[in-house]
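In: The following block contains a protein sequence and its predicted model.
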Amino acid sequence: MSVSREFLDWVLELLAPLGAVAARRMFGGYGLFLDGLMFAIVVDDVVWFKTDSQNRERFVSIGEPPFTYQRNGKPAQLNFYRAPDEAFDAPHTLKPWARSAFEAALRASRAKSAPRPRKAVD
């Protein structure tokens, strides 16, 4: 797995209207972060956006596949789906997809930081 610098720079330029998107090297590709939350990954010059129950159907309905990889010799899947090619026509066509992914990252972050119910003590 690899990512060309030219592709990564182009994607970051297209995502600039969202804000200060940062790329961090990880797992043979890059994680894309906005406000400290990872909302996309770039692997093999392909962008994958974070999904959850609220935005996943949008990707599924147009036939975009989930990100899969091999773990212990078996396929594993992450909650990231391939960004549609037509989204990269211009920043204004990419922004709604990226915003949706960032909102999924926000929801995941809130769920992780929500207080857990205390166990009853007898």
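Out: Thanks, I have it. Residues are numbered from 1 along each chain as shown.

In: what residue is smack in the middle of this structure?
Out: The chain has Ala40 as the residue nearest its centroid, 2.4 Å off, counting by C-alpha atoms, centre = their mean.

In: Can I get the strand or helix carrying it as PDB, trimmed to CA atoms?
Out: For Ala40, the host element (DSSP states H and E) is strand 37-43. Coordinates of each C-alpha in strand 37-43 appear next as PDB, following Å, rounded to 0.1, in the frame of the first residue of the first chain:
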ATOM      1  CA  LEU A  37     -10.800  13.700  14.300                       C
ATOM      2  CA  MET A  38     -10.000  11.200  11.500                       C
ATOM      3  CA  PHE A  39     -12.700  11.400   8.900                       C
ATOM      4  CA  ALA A  40     -11.000   9.800   5.900                       C
ATOM      5  CA  ILE A  41      -8.100   7.500   4.900                       C
ATOM      6  CA  VAL A  42      -6.100   7.500   1.800                       C
ATOM      7  CA  VAL A  43      -4.600   4.200   0.600                       C
END
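
In: Do a quick rundown of the strands in this protein.
Out: 22-26, 29-34, 37-43, 46-50, 66-71, 74-82 (DSSP state E).

In: Mind putting these into TSV with mean pLDDT and distance to Leu12?
Out: Bear in mind the C-beta positions are built from the backbone N, C-alpha and C, glycine included. Output for those, formatted as TSV (pLDDT from 0 to 100; distance: least, C-beta to C-beta, whole Å):
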stretch	mean pLDDT	distance to Leu12
strand 22-26	95	6
strand 29-34	96	8
strand 37-43	97	9
strand 46-50	97	11
strand 66-71	91	19
strand 74-82	94	17
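
In: rewinding a little: show me what the residue nearest to the centre of the chain bridges to in the sheet.
Out: Leu32, Phe49 (DSSP bridges).

In: That one contacts Phe67, correct?
Out: No: the pair Ala40 and Phe67 fails to qualify as a contact (C-beta atoms under 8 Å) at a distance of 10.2 Å.
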